[in-house]
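Asks: What follows is a predicted protein model with its sequence.
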There are 2 protein chains.
Amino acid sequence: MAEENKVPQHKKIYEILRKHILTGVYEEGSLLPSENELCAVHNITRPTVRQALEALVKDGFISKKQGKGSIVRKPPQDIGILSISGTASAIGNDYLQTQILQKPLIKPWPESFPFDLSQTERESGCIYMERLRLVDEQPVFYDINHIPNINLPRFTSRSFENKSLFETLRSQYQIEIKGGEQKLKAVKANQRIAELLNLPVGEPVLNMERKLVTNREGFRIYSTIWFNSAKHSIFGTF
Amino acid sequence: MAEENKVPQHKKIYEILRKHILTGVYEEGSLLPSENELCAVHNITRPTVRQALEALVKDGFISKKQGKGSIVRKPPQDIGILSISGTASAIGNDYLQTQILQKPLIKPWPESFPFDLSQTERESGCIYMERLRLVDEQPVFYDINHIPNINLPRFTSRSFENKSLFETLRSQYQIEIKGGEQKLKAVKANQRIAELLNLPVGEPVLNMERKLVTNREGFRIYSTIWFNSAKHSIFGTF
DNA sequence: TTTTTTAACTTGTAAATACAAGTTAAACTT
DNA sequence: AAGTTTAACTTGTATTTACAAGTTAAAAAA
C-alpha cells in the first residue's frame, strides 16, 4: 500500500505523456491514446486523465478536438522560454551553441535591482551568470541571469553548455516556470553589446527584461536579454 | 424547463465572474467567494465552479492558493492582446487614443501574404484596417490588421475609436482569442514608419508579426505592429 | 455501385461524494 | 498574558456515474 504518494496522479500522467511526446514516442500530428485507454492503462479515472491532458494543452504539447481525440503538436523549440525562428537555416538544438561568459557565481544582489525582492531572496544572495548563444557560429543573443541562491546544491558547478538552464532546473531541482512578465524594447546597440553580438554600434537590438515565476514560492528568476534580430526573430506561441 | 442551454454552465460562471472583476465588483487583492459559496449561489457543483475558476486563472484574472481562496489580480491593461508599460505617466485606457488611418475596408488578401490561408478565408476576402495609437498625444504604435470577412455583419460600419477591436469582436460577434504566434524584431524605422511614429529615420522600432487563433474554426486574425519603444515598452504576462 | 443510416467510437459537460492538505481564528491551556 | 491546540474554514485530488455532442467507419438500403 505504501507508494511514493507525494506527486499527484494527474501530474504523473502529465510527465509521462510529456516525455513521450518530447522523445518522439508519439509523432507530431498523430493521436494520443484516447482518454478511456489512458484510464485503463494507468488505472485512474477520466477526470484525472483529463486534468493531465488539460495541462498538456496549456503547455502547447497537444490540442484536443471533440469526437476526434488529442492531437500531438510540434514540440516548441524553446530556448529557455524563448523560441527563435531563423531566416538562415532551420534551427534545431543541434545548431544552437552556448558560450558561458560568466560561470554561475554566487554574489549579492545588485544595489539597484529593478524588482522588489523578498527577505529570503535578499539574504541568500543570487547566482549570476552570463551566456552568449550562437546559431551557425554567429552570435544571436546574450543573456544575463539572476537566480536566488536558495536550496540549489552543486548548482555553481554544473555545466550549462549544452543543457538548457531551465531544463536543468526542471530535472535536477524540480523547479518549473509557471509564468512571468516581460518588458520589450528596441534599442541601439552600445559598444559592449555590439561587440558581443558582432554588430555595428547603433544597430537596433531587441532588449527584454523578464521576471519568471516558478512553482517554488518566492523563487523568481530574473533575466535580461539582448537579441540580434538581423537574421533571426524571437518567436513565441501563446 | 426550457432554458437557453447552448452555453455551458462553467462558461456562464466564468463570464459573470470576469465581468464582476473587470467592473470592480471584486477589488484587486480581495478574495472571490469560496468555491462552495459559488456552488450554492449558482446552484451548480464544485467541479463546474472549479472549471470556471481554472479558466480565470489561465486568463490572469485570479490566482488561487490552497487553504486561502481565489485572489483577484489586477486586470491586465490589455490593448488588443498587447500591454504597454509606460515611462512617462500611468497608462490607463483614458490616456490611450486611437487614430483610424484606414477604416475597415473589404478587399482581397494581399498576393504575397506570409501565412497560408484556408479556401474559405481566401474566397471571402479580408477586412483591412490601419490604426495609430497615441499616449499623451504622442504616437506609440501603428498597427495593420487583416481579418477574414466571414460572417461579420455591419463590421465595416463600426467605430473602433474608443472600443478595442478585440472587445468588439468579443462582445458583438462572440469571437475570442484562443492563442496565436508572433515574431519579434528590432528594426530601423523607414521613412513612413518614422513619420507616423514621429521619430528620426533609422531609429530602432519594435516590429511584430502575429497570427491570432480564435474560437471560430479557421478564423484567424493577422496583425503587423510597429512600436516606438523610446518612452514605452511592450509589457506582457504569461 | 452509390448513398444513407446506424453504431461505435471520440471528447465535453455535469452531478454527487469523499478525503487530503493548507490556512486561519477561536478556544483552550499553561 | 502568552503560547498551544483545535476546529472550521479554504482549495486540491480523486472516484463514480451519466448523458450530450462531434467524428468516423462499417452496415444497410437505394
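Replies: Arrived safely.

Asks: Please count neighbours and contacts with C-alpha atoms only from this point.
Replies: Fine.

Asks: Any idea how many residues pack against A:Glu28?
Replies: 16 (other Cα atoms under 10 Å in any protein chain shown).

Asks: One more: A:Thr224?
Replies: When neighbours are counted by other Cα under 10 Å, A:Thr224 comes out with 18.

Asks: Wasn't it part of a helix?
Replies: No. Counting by DSSP: H, G, I helix; E, B strand; the rest coil, A:Thr224 is located in no helix; its state is strand.

Asks: how close does it sit to A:Ile193?
Replies: Noted for A:Thr224: a distance of 12 Å to A:Ile193, by Cα to Cα, to the nearest Å.

Asks: for A:Asn36, same thing?
Replies: 54 Å.

Asks: what about the two, which has more around it?
Replies: Using other Cα under 10 Å, the more surrounded residue of A:Asn36 and A:Ile193 is A:Ile193, with 21 against 14.

Asks: Residues in a beta bridge with the residue nearest to the more buried one when sequence neighbours are not counted, which ones?
Replies: Nearest non-adjacent residue to A:Ile193, counting by Cα to Cα, 6 or more residues apart in numbering or on different chains: A:Trp226, 7.5 Å away. Beta-bridge partners recorded for A:Trp226 (DSSP bridges): A:Tyr142, A:Asn207.

Asks: Might you report the residue contacts of A:Trp226?
Replies: Shown in contact with A:Trp226 (Cα atoms under 8 Å, 6 or more residues apart in numbering or on different chains): A:Phe141, A:Tyr142, A:Asp143, A:Ile193, A:Val205, A:Leu206, A:Asn207, A:Met208.

Asks: Over to A:Thr48?
Replies: A:Gln9, A:His10 are the contacts of A:Thr48 under Cα under 8 Å, 6+ apart.

Asks: Sketch out the low-pLDDT regions of chain A for me.
Replies: A:1-5, A:76-94, A:161-163 (pLDDT under 70).

Asks: which residues in it form strands?
Replies: A:62-65, A:69-72, A:78-79, A:82-86, A:96-107, A:126-135, A:138-148, A:177-188, A:204-214, A:220-227, A:232-237 (DSSP state E).

Asks: Please list the residues of chain A that sit near chain B.
Replies: A:85, A:179-188, A:203-206, A:228-230, A:232-238 (Cα under 8 Å from any Cα of the partner chain).

Asks: who in chain A is up against DNA strand D?
Replies: Neighbours of DNA strand D within chain A, by Cα under 7 Å from any atom of the strand: A:7-11, A:43-48, A:65-68.

Asks: looking at these, which has the most residues close by?
Replies: Result: A:His10 is most packed of the residues of chain A next to DNA strand D (other Cα under 10 Å), 20 neighbours.

Asks: The residue nearest to that one when sequence neighbours are not counted: how many residues sit nearby?
Replies: Leaving aside its chain neighbours, A:His10 sits nearest to A:Ala52 (4.9 Å; criterion: Cα to Cα, 6+ apart). Applying other Cα under 10 Å, we find 22 residues neighbouring A:Ala52.

Asks: Please apply the same query to the one 3 residues further on.
Replies: A total of 16 residues lie near A:Ala55 under the criterion other Cα under 10 Å.

Asks: show me the contacts for the nearest residue to it once chain neighbours are set aside.
Replies: Spatial nearest neighbour of A:Ala55, chain neighbours left out: A:Tyr14 (7.2 Å); criterion: Cα to Cα, 6+ apart. The contact partners of A:Tyr14, by Cα under 8 Å, 6+ apart, come to A:Ala52, A:Leu53, A:Ala55, A:Leu56.

Asks: Stretch A:208-223 near DNA strand C at all?
Replies: No. Stretch A:208-223 lies out of reach of DNA strand C by Cα under 7 Å from any atom of the strand, never closer than 9.4 Å.

Asks: Can you tell me which residues in chain A are near DNA strand C?
Replies: Counting by Cα under 7 Å from any atom of the strand, chain A sits next to DNA strand C at A:32-37, A:47, A:50, A:64-70.

Asks: Now for those residues: which two are most distant?
Replies: A:Pro47 and A:Lys68 (17.9 Å; Cα to Cα).

Asks: so how many other residues sit close to the nearest residue to A:Pro75 once chain neighbours are set aside?
Replies: Leaving out its chain neighbours, the residue that sits closest to A:Pro75 by Cα to Cα, 6+ apart is A:Phe61, at 6.0 Å. By other Cα under 10 Å, 22 other residues sit near A:Phe61.
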